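Student: Mind looking at a prediction? Sequence and model below.
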Amino acid sequence: GPHMSYDASAIRVLKGLEGVRHRPAMYIGGTGVEGYHHLFKEILDNAVDEALAGYATEILVRLNEDGSLTVEDNGRGIPVDLMPEEGKPAVEVIYTTLHSGGKFEQGAYKVSGGLHGVGASVVNALSEWTVVEVFREGKHHRIAFSRGEVTEPLRVVGEAPRGKTGTRVTFKPDPEIFGNLRFDPSKIRARLREVAYLVAGLKLVFQDRQHGKEEVFLDKGGVASFAKALAEGEDLLYEKPFLIRGTHGEVEVEVGFLHTQGYNAEILTYANMIPTRDGGTHLTAFKSAYSRALNQYAKKAGLNKEKGPQPTGDDLLEGLYAVVSVKLPNPQFEGQTKGKLLNPEAGTAVGQVVYERLLEILEENPRIAKAVYEKALRAAQAREAARKARELV
Ligand code: 0R9
């Protein structure tokens, strides 16, 4: 009857990008400031993927005067050839098909994961307009969309400048979805700075056409420089931060760390470049491996001959500034804000890599090792003295 056909068409419609416009929160977390900037992060991640794949060396982000945002990479360019099954160019399929992950994955994994990481088609669905330009094989290609639908099919609009390859995406988030929100340059800058630390050597340029400013983010030291930046303003125990890198199974581990003379400590963690504010398996494993390595070294080096109080895990962490970054396939997140990493294999990898390499670092740097351990011994003594004082009172 008439009801049947209504239901069927309603279901069909909601399956496509209409569903994204109908329930944006399911795809970007919400339609507030965070959701708005999530669109930028999503496109930036796609450009970063091309850098991690070894093809792009530079990413440009431009905040345009009309409120739209341009993200451009100098990688291979999104393929423009027709896909046999769809009969459409790959770039169109990517921008108009929900969850087009799977079949496009080229062995590696996407940077993003969890609730977020739904891709270009979601950004397209939630944008008043989107223009994708591809520079490839000497040609400048262009395709345009509005609210997820093609408005100008893919065509060659000219020659690519000499030797230029890459992808340029310009989009204007839809006021029908986001009201009068605007991009906040400080949020864009914060993410670019973070990515520059997480991908050592990648050049990120931010052009703010609304305020006539340009800024370059590039760091050769990666997470080691990140750790040093966190410790800014503190008295350092030594000047040069350490970097630990390693792979275990399918998990890539990178840790940068530095010790201060103070009592504060800060450990930032990331999974596939997504901040994990509530920690998770990688953080737990890091703390445990760090303590085990220090205790093991101290025993072997005879640093702990005293009968006094033994340093706890927290004593050992005093003064430590560290950044732990893991990359793994299929990251699983938990918690209200999806800020906690659950994958046990991430913990195993961090544990192995950090324990082994940290022991070597301590052996290669006995003066630093001694200073770090003696600081932990003093922390244990202070803790014990405070406890005794409390008991006396
Ligand atoms: C500015 C934002 N950048 C991107 O969105 C972007 C996607 C992308 C890409 C490839 C290269 N650069 C890119 N930039 C790419 C090219 C090739 C293979 N894989 C990826 C190739 O030349 O063979 N793509 C991301 C997905 C896809 N391309 C694909 F599914 F269409 F292939």
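Tutor: Everything's here; your move.
Student: Do any residues in the helix or strand hosting V156 lie close to the ligand?
Tutor: Following DSSP states H and E, one finds V156 within strand 149-159. No. Strand 149-159 does not reach the ligand (Cβ under 6 Å from any ligand atom); its nearest approach is 12.3 Å. All C-beta atoms are positioned from the backbone trio N, CA, C, and that covers glycine.
Student: Mind giving me the packing neighbours of that strand?
Tutor: Strand 149-159 sits against helix 90-96, strand 139-146, with contacts defined as 3 or more Cβ pairs under 8 Å, 6 or more residues apart in numbering; DSSP states H and E.
Student: a markdown table for the ones you listed, including distance to the ligand?
Tutor: What follows is the helices and strands packed on strand 149-159, written out as a markdown table (distance: least, Cβ to the nearest ligand atom, whole Å):
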| stretch | distance to the ligand |
| --- | --- |
| helix 90-96 | 4 |
| strand 139-146 | 12 |
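Student: Return the most buried member of those.
Tutor: When the helices and strands packed on strand 149-159 are scored by mean count of other Cβ atoms under 10 Å, the highest mean neighbour count falls to helix 90-96 (a mean of 21).
Student: if we can go back for a sec, whatever helix or strand comes next after the strand holding V156 close to the ligand?
Tutor: Heading C-terminal from strand 149-159, the first helix or strand you meet, by DSSP H and E, is strand 166-173. Yes. Using Cβ under 6 Å from any ligand atom, strand 166-173 comes into contact with the ligand via 167, 169.
Student: And the contacts of strand 166-173?
Tutor: The contact list for strand 166-173 (Cβ atoms under 8 Å, 6 or more residues apart in numbering) reads 36, 39, 43, 46-47, 50, 56, 64, 66-78, 120, 123-124, 126-135, 181.
Student: Okay, E254 and V156: tell me how far apart.
Tutor: 41 Å (Cβ to Cβ, to the nearest Å).
Student: who's more crowded, these two?
Tutor: Ranked by neighbour count (other Cβ atoms under 10 Å), E254 and V156 place E254 first, with 23 against 13.
Student: Give me the below-cutoff pLDDT ranges for this protein.
Tutor: Flagging of the chain using pLDDT under 70 yields the residue ranges 1-15, 99-118, 336.
Student: so how many other residues sit close to whichever residue of the stretch 251-393 of the chain sits closest to the ligand?
Tutor: Here the residue of the stretch 251-393 of the chain nearest the ligand is M273; by Cβ to the nearest ligand atom that distance is 14.8 Å. Residues lying near M273 (other Cβ under 10 Å) number 22.
Student: hang on, the earlier thing: the strand holding V156 pairs with which strands, parallel or anti?
Tutor: For strand 149-159, the paired strands and their directions (DSSP bridges) read strand 139-146 (antiparallel).
Student: what's the partner strand in contact with?
Tutor: Against strand 139-146 from outside (Cβ under 8 Å, 6+ apart): 77, 80, 89, 91-92, 95-96, 124, 127-135, 150-160.
Student: now what about the strand holding V156, what contacts it?
Tutor: Residues contacting strand 149-159 (Cβ under 8 Å, 6+ apart): 17, 80, 89, 91-92, 96, 129, 133, 138-145.
Student: got the buried residues for the helix or strand containing E214?
Tutor: Per DSSP H and E: E214 is located in strand 213-217. Residues of strand 213-217 classed as buried: F217 (neighbour count, 16 or more other Cβ atoms under 10 Å).
Student: i'd like the first residue to be 11 from this point on
Tutor: Okay, using 11 as the starting number, the last item reads as strand 223-227.
Student: Run through the residues of the stretch 11-160 of the chain sitting next to the ligand.
Tutor: 53, 56-57, 60, 81-83, 85-89, 100, 104, 114, 116, 130.
Student: In a strand, A61, correct?
Tutor: No. Assessed by DSSP: H, G, I helix; E, B strand; the rest coil, A61 does not belong to a strand; its assignment is helix.
Student: Enumerate every residue touching it.
Tutor: Going by Cβ under 8 Å, 6+ apart, the list of residues near A61 reads 67, 69, 83, 85, 209, 212.
Student: wait, the fifth one sits on L62?
Tutor: Yes. With contact defined as Cβ atoms under 8 Å, V209 counts as touching L62 (6.8 Å).
Student: Now do the helices in the stretch 111-260 of the chain.
Tutor: 111-114, 130-135, 185-188, 195-208, 233-240 (DSSP state H, counting those that start in this stretch).
Student: From the rest of the structure, what touches stretch 208-228?
Tutor: Applying Cβ under 8 Å, 6+ apart, the contact partners of stretch 208-228 are 58, 61-62, 66-75, 195, 198-199, 202-203, 205-206, 229-233, 236, 280, 283, 335.
Student: What is the biggest helix by length in the chain packed up against?
Tutor: Ordering each helix of the chain by length in residues (DSSP state H) puts helix 376-402 first. Here helix 376-402 touches strand 261-269, helix 291-311, helix 323-327, helix 354-374, going by 3+ Cβ pairs under 8 Å, 6+ apart.
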